[in-house]
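S.K.: mind folding the following:
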Amino acid sequence: MSVSTIKIETDFITLMDVLNQTGNPTVAIQILNGTYQQPDICRADKARAYSKKDELVQMTFKSYDRFKDEVTFYRNGWGHDTIGREAWNLLQLWSEYQAQLDDMALKLDSQAHEHNN
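M.R.: Residues are numbered from 1 along each chain as shown. Alright, predicted model coming up:
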């Protein structure tokens with residue numbers, strides 16, 4: 001992809017005013033000068049105890065807002081919410097949670113089988 005250079009004629013105060021309106025002038029300047037690099041974001045489903053009842057929720061990546069540094073996700077396939085990117089990346093993968101459940105089920109089955117024999 002080739003990038004064309006454009007010339008913007010404005011005063012510094014107006015430019016800074018516009019950049020500050022983005023909510024993250026540092027990212028805006030990096031985008032404008034071509035140095036912005038999107039951080040690593042895990043797009044795999046995540047698991048989290050999310051409600052007052054401590055229900056486990058499957059969180060599916062929807063989008064990333066580079067100006068707010070937030071991930072938007074779906075909860076159990078409906079509704080959506082946001083969380084900071086760093087917090088998102090620290091959450092347990094849904095697949096890891098499912099594997100733990102499978103391991104627990106196998107152990108319980110094995111114990112039940114031993115108890116019945």
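S.K.: what's the worst-scoring helix or strand of the chain on mean pLDDT in contact with?
M.R.: Lowest by mean pLDDT, DSSP states H and E among the helices and strands of the chain is helix 94-116, with a mean of 74. Here helix 94-116 makes contact (C-beta atoms under 8 Å, 6 or more residues apart in numbering) with A44, D45, K46, A47, L56, Q58, M59. Heads up, the C-betas are built off the backbone N, CA and C, glycines and all.
S.K.: where do the strands sit along this structure?
M.R.: 46-49, 56-65, 70-75, 78-84, 92-93 (DSSP state E).
S.K.: next, count neighbours for L15.
M.R.: L15 is flanked by 14 other residues according to other C-beta atoms under 10 Å.
S.K.: check contacts around it.
M.R.: Applying C-beta under 8 Å, 6+ apart, the residues contacting L15 are I8.
S.K.: let's see it at 10 Å
M.R.: L15 makes contacts with I8, A28, I29, L32, as judged by C-beta atoms under 10 Å, 6 or more residues apart in numbering.
S.K.: gap between the nearest residue to L93 once chain neighbours are set aside and Q98?
M.R.: Leaving out its chain neighbours, the residue that sits closest to L93 by C-beta to C-beta, 6 or more residues apart in numbering is A44, at 5.5 Å. Separation of A44 from Q98 (C-beta to C-beta, to the nearest Å) stands at 12 Å.
S.K.: check Q30 too.
M.R.: Distance, Q30 to Q98, by C-beta to C-beta: 38 Å.
S.K.: go on, V57?
M.R.: 13 Å.
S.K.: any common contacting residues for those two?
M.R.: In terms of C-beta under 10 Å, 6+ apart, V57 and Q98 are both contacted by the residues A47.
S.K.: before we move on, back to that, so which of the contacts of helix 94-116 comes closest to N89?
M.R.: K46 (9.1 Å; C-beta to C-beta).
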